[in-house]
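1. Here's my sequence, what's the structure:
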Amino acid sequence: MQRLFLHVIALLACTSSIAAQADLYPGRPGLTFPEGTPRETAGCADLSRAIRNFRPQSDQRVDLWASGPLTIVDTDGVLFYLGICSQPGIRVLCVTYSDNDMRLGEVVTVRGGMRIQDDQHVLLDPCLASRD
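-> Got it, this is the predicted structure:
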């Protein structure tokens, strides 16, 4: 009985790691399940392909990982707003708790819960940002 239990545990561990590695959003760079890691991070030029005609289920969280130069670094005294990429492309705004001394023009990676605002703007909240 104990041996059967160990086999079941091993099988479940393999199944969950395979599911975690599955690409849920093929052809959409940077998109992943909540707290997941995508196969590739989207660059500014990839964002249009990543979100074009993308409509997740209303209660489904989708995370986006994107890299690009900082175009916005702002705060309201509590939250920080870090924007990457510039027009005419899609702009991404990361709402976070620290700017980590990041400066305009630095290339950073932002990742978090994605909300598509319109065809030019994506909001990530909650979001984490790190230097490349």
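
2. name the element Ile116 belongs to?
-> strand 107-118 (DSSP states H and E).

3. how distant is that strand from the center of its chain?
-> 6 Å (CA atoms, centre = their mean, to the nearest Å).

4. what packs against the next helix or strand after it?
-> Counting by DSSP H and E, the next helix or strand C-terminal to strand 107-118 is strand 121-131. For strand 121-131, the contact count by 3 or more CB pairs under 8 Å, 6 or more residues apart in numbering; DSSP states H and E identifies strand 63-75, strand 91-96, strand 107-118 as packing neighbours. C-beta coordinates here come from the backbone N, C-alpha and C atoms, glycine included.

5. what about 10 Å?
-> With contacts taken as 3 or more CB pairs under 10 Å, 6 or more residues apart in numbering; DSSP states H and E, strand 121-131 sits against helix 47-51, strand 63-75, strand 80-84, strand 91-96, strand 107-118.

6. Can you name every helix or strand that the longest one contacts?
-> For strand 63-75, the packing partners by 3+ CB pairs under 10 Å, 6+ apart come out as strand 31-32, strand 42-43, helix 47-51, strand 80-84, strand 91-96, strand 107-118, strand 121-131.

7. Go through these and name the closest to Leu24.
-> strand 31-32 (7.0 Å; CB to CB).

8. Please identify the pairing partners of that closest one and their relative orientation?
-> strand 63-75 (antiparallel) (DSSP bridges).

9. okay, the angle between the partner strand and strand 121-131?
-> Calculated by axes from the mean of the first three to the mean of the last three CA atoms, to 10 degrees, strand 63-75 forms an angle of 80 degrees with strand 121-131.
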